[in-house]
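1. What follows is a predicted structure for the sequence shown.
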Amino acid sequence: MIYLLLIGLVIALVYAPAWWVRRIMRRYSHPAERYPSTGAELARHLLDERGLQAVPVEETDRGDHYDPTTRTVRLAPERFHGKSLTAITVAAHEVGHALQHAGGYTPLLWRTRLVQCLQPLERLGALVLLGAPLLAVVLRLPGITLLLILGGLMTLGASTLVHMVTLPTELDASFARAMPLLKRPGILLASDHCHARRILWAAALTYVSVSLMSLLNVARWWALVRR
């Protein structure tokens, strides 16, 4: 019974943040025409005001994000074309990352370097995991294969490390950069300021929920190895 309760608690801790983030984003996506400008238009306006005309705003199907390698703000279709409070607030959050980059914000630069270093390791880890069973059959050396699998698990966990160190950068983009922009006259309705803070929290915690999901994937692989 205690074992089942522990499993339930772990599942709740893993899935609760992701559920809360999705709930907040959906809640403030209505009404869909709350503001006259789309998320893309607001992002363009805010960037131009700060002298960042060279930073493009693009539509993407890979989720809202700022790409520091190409210095590009990318918004999902519902945010790029949307005029809801969620669309406007998320656009400001991603502009916040562009402002961090322009100002040489050190944690963002560290995260960028970490991602560049760990991405090849993640791909290598996936290949190791896929190739380990074949090596076990060909070489007939289960000890070495187990070592390869453990190494693969460690490299797959690299994404978890990236997401965890991302949190301070996300919080800064939300509350030190985006919120002051949204509080300026003519951007948000006064009654929406408190709701925008919830959305900014959700935007910042998106990577936390992804990190927890990554940990769960690593745990699944570990359970498979122990069998």
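-> Yes, it's here. As the structure is a prediction and not an experimental result, all values here were calculated from the model. Numbering: from 1, shown residues only.
2. elements contacting the helix or strand harbouring Leu47?
-> Using DSSP states H and E, Leu47 maps to helix 39-49. In terms of contacts (3 or more C-beta pairs under 8 Å, 6 or more residues apart in numbering; DSSP states H and E), helix 39-49 is packed against strand 57-59, strand 72-75, helix 77-80, helix 85-102. Yep, even glycine has a C-beta here, placed from its N, CA and C like the rest.
3. Could you pull out the buried residues of that helix?
-> Gly39, Ala40, Glu41, Leu42, Ala43, Arg44, His45, Leu46, Leu47 (16 or more other C-beta atoms under 10 Å).
4. Tell me if I'm right that the second one and Thr60 touch.
-> Spelled out, it's Ala40. No: the criterion here is C-beta atoms under 8 Å, and Ala40 misses it with Thr60 at 11.1 Å.
5. which neighbours do the two share?
-> Shared contacts of Ala40 and Thr60 (C-beta atoms under 8 Å, 6 or more residues apart in numbering): Leu75, Phe80.
6. right, and the helix or strand after the lowest-mean-pLDDT helix or strand in the chain?
-> Within the chain, confidence by mean pLDDT, DSSP states H and E is lowest for helix 142-156 among all helices and strands, at a mean of 63. Sequence order places helix 158-171 as the next helix or strand after helix 142-156, per DSSP H and E.
7. Buried residues in that following helix, which are they?
-> Neighbour-count burial for helix 158-171 [16+ other C-beta under 10 Å]: Ala158, Ser159, Thr160, Val162, His163, Val165, Thr166, Leu167, Thr169, Glu170, Leu171.
8. Would you format these as JSON lines with pLDDT and distance to Pro180 included?
-> Compiled in JSON lines, these are given as follows (pLDDT from 0 to 100; distance: C-beta to C-beta, whole Å):
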{"residue": "Ala158", "pLDDT": "70", "distance to Pro180": "34"}
{"residue": "Ser159", "pLDDT": "69", "distance to Pro180": "31"}
{"residue": "Thr160", "pLDDT": "70", "distance to Pro180": "31"}
{"residue": "Val162", "pLDDT": "73", "distance to Pro180": "27"}
{"residue": "His163", "pLDDT": "69", "distance to Pro180": "26"}
{"residue": "Val165", "pLDDT": "74", "distance to Pro180": "24"}
{"residue": "Thr166", "pLDDT": "82", "distance to Pro180": "21"}
{"residue": "Leu167", "pLDDT": "84", "distance to Pro180": "20"}
{"residue": "Thr169", "pLDDT": "92", "distance to Pro180": "17"}
{"residue": "Glu170", "pLDDT": "92", "distance to Pro180": "16"}
{"residue": "Leu171", "pLDDT": "93", "distance to Pro180": "14"}
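9. quick one: contacts for Ser37?
-> His45, Lys83, Ile88.
10. Of these, just say which sits nearest to Val128.
-> The closest of those to Val128 turns out to be Ile88 (C-beta to C-beta; 43.7 Å).
11. Go ahead and confirm the closest one touches Gly39.
-> Yes: counting by C-beta under 8 Å, Gly39 is a contact partner of Ile88 at 5.9 Å.
12. and the gap between Glu49 and Leu99?
-> 11 Å (C-beta to C-beta, to the nearest Å).
13. Noted, bye for now.
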